[in-house]
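Novice: Please find the sequence and the predicted model below.
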Amino acid sequence: MVLAAGLGTRMRPLTDDRPKALVEVGGKALIDHVLDRLGAAGVERAVVNVHWFAERLEAHLTARTGGPEILISDERAELLETGGGLKKARGLLGDGPVFVANIDSVWIDRGDALGDLIRLWDPARMDAALLLARREGSIGFEGDGDFFLGDDGRLTFRGDRPSAPFAYMGVHITRPDYADRGPEGPFSLSGLWRQSAGEGRLFGCVLDGDWMHVGDPGARDEAEARLKTA
């Protein structure tokens with residue numbers, strides 16, 4: 001599932017006439033960076049949620065060539081955030097494990113990041129497996145980090161500590177029914193992750209490469225410059 005329904009307010013004025021998913025980085029729309037990565041990892045069907053400039057995004061997706069096949073989860077009536085969006089799309093996702101991906105994450109991969117995430121995933125032990133980036137050296141990420149990573153791959157949240165070495169970089173694997181335990185309407189997956197972490201069921205692995213969080217026009221420009229040198 002590709003989470004593409006956000007308003008993209010931090011990306012203005014670039015989102016005054018388009019959804020954030022259609023902002024281009026390196027000559028390619030953000031959503032195409034994500035869909036091409038997922039297709040290369042073997043994903044055959046992708047559910048994309050839409051809200052802001054939904055018609056324009058749907059037209060772009062219809063014009064795409066190659067995989068994956070696209071299904072639309074319509075959030076025109078109400079923006080549901082990450083958890084609510086996943087919950088609404090449940091009927092489109094099938095019964096197998098699902099990638100959940102943000103559209104503002106671009107990366108240079110020196111390894112096999114999505115393949116590593118697939119190999120890590122074990123539904124018997126995990127509720128979710130998150131792809132992480134080292135906070136230092138990332139482009140466009142200004143926070144103090146999200147997680148500590150144990151030797152066994154388990155994640156713990158930063159909590160009250162001043163910083164943590166790893167940031168969530170916008171892609172994870174989970175069960176398609178994971179968000180069903182959440183409330184009706186809009187909600188974030190973060191609360192469910194905290195429950196899972198407390199139960200020892202939140203895991204992660206680290207990108208071997210360079211991560212660019214393309215959240216605002218300045219970060220978009222930095223990402224374009226980095227891609228030109230790759």
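Specialist: That came in fine, so what should we check first? Since we're looking at a predicted model, the values are computed, not measured. Numbering: from 1, shown residues only.
Novice: can I assume Ala164 is in contact with Asp146?
Specialist: Yes - using C-beta atoms under 8 Å, Ala164 makes contact with Asp146 at a distance of 6.0 Å. For every residue, glycine as well, the C-beta is placed using N, CA and C.
Novice: got any residues that touch both of the two?
Specialist: Jointly contacting Ala164 and Asp146 under the rule C-beta atoms under 8 Å, 6 or more residues apart in numbering are Phe157, Arg158.
Novice: Tally up the residues packed near the closest residue to Asp216 other than its chain neighbours, please.
Specialist: Nearest residue to Asp216, sequence neighbours excluded (C-beta to C-beta, 6 or more residues apart in numbering): Arg10, at 4.6 Å. Per other C-beta atoms under 10 Å, the neighbour tally for Arg10 reads 15.
Novice: What separation do you get for Arg10 and Pro97?
Specialist: Between Arg10 and Pro97 the computed distance is 31 Å (C-beta to C-beta, to the nearest Å).
Novice: Repeat that for Phe157.
Specialist: On the measure of C-beta to C-beta, Phe157 and Pro97 end up 23 Å apart.
Novice: swap in Pro165?
Specialist: 27 Å.
Novice: for Asp216, same thing?
Specialist: For Asp216, the distance to Pro97 - C-beta to C-beta - is 32 Å.
Novice: In the chain, spot the helix with the most residues.
Specialist: helix 217-229 (DSSP state H).
Novice: What are the buried residues along it?
Specialist: For helix 217-229, a neighbour-count test (16 or more other C-beta atoms under 10 Å) marks Ala219, Arg220, Glu222, Ala223, Glu224, Arg226, Leu227 as buried.
Novice: Next up, the contacts around the third one.
Specialist: Contacts for Glu222 were tallied using C-beta under 8 Å, 6+ apart; they are Ile139, Gly140, Met212.
Novice: the helices in this protein, which residues?
Specialist: Per DSSP H, the chain has helices spanning 30-40, 54-63, 81-88, 113-120, 190-198, 217-229. These are given in chain order.
Novice: Lowest average pLDDT across those?
Specialist: Comparing mean pLDDT across those, the weakest is helix 217-229, with a mean of 91.
Novice: Could you give the separation of that one from the chain centroid?
Specialist: Computed by C-alpha atoms, centre = their mean, to the nearest Å, the chain-centroid distance of helix 217-229 equals 19 Å.
Novice: Let me know the angle separating it from helix 30-40.
Specialist: Using axes from the mean of the first three to the mean of the last three C-alpha atoms, to 10 degrees, the inter-axis angle of helix 217-229 relative to helix 30-40 is 50 degrees.
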